[in-house]
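1. What follows is a predicted protein model with its sequence.
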Amino acid sequence: MHLTAPAVPRTDTRPRMRDADGMAVASFILGLLGLLVLNLFLGPVAVVLAAAALWRGTSRRGRACLGLALGIADLAVLVAAMEMSGTVSWSL
């Protein structure tokens, strides 16, 4: 009599897909928010989350690509604002 279930490798990829979908949505939100505040921090985080979501095969590919683009735009806005103000940091 067995008291435990036999060890069978899981073939269900549902949790991994759900995590990738969450990463895609998070990258989009952080990229969008990074255009307004904390773009030095939120831009790279959005890029990393979008890349991880795309690598894991998210079903929300468009949202992950948009998060990647917004993360890169965050960094571009930071560089442009730093060039205009002539400092390492910037303020409006």
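-> On my side now, so go ahead. Numbers count the residues shown, from 1 in each chain.

2. Now for residue 80: which residues touch it?
-> Contact analysis of residue 80 by Cβ atoms under 8 Å, 6 or more residues apart in numbering lists nothing. To be clear about C-beta, it is placed using only N, CA and C from the backbone, and glycine gets the same treatment.

3. Check which residues of the helix or strand that contains it are buried.
-> The secondary structure element spanning residue 80 is helix 61-85 (assigned by DSSP states H and E). Using 16 or more other Cβ atoms under 10 Å as the test for burial, helix 61-85 gives 63-75, 77-78.

4. Run the chain-centre distance for that helix.
-> The offset between the C-alpha centroid of helix 61-85 and the centroid of the whole chain comes to 12 Å, using Cα atoms, centre = their mean, to the nearest Å.

5. And residue 50, what's its pLDDT?
-> On the pLDDT scale, residue 50 is placed at 93.

6. what about it, distance to residue 32?
-> Residue 50 is 12 Å from residue 32, where distance means Cβ to Cβ, to the nearest Å.
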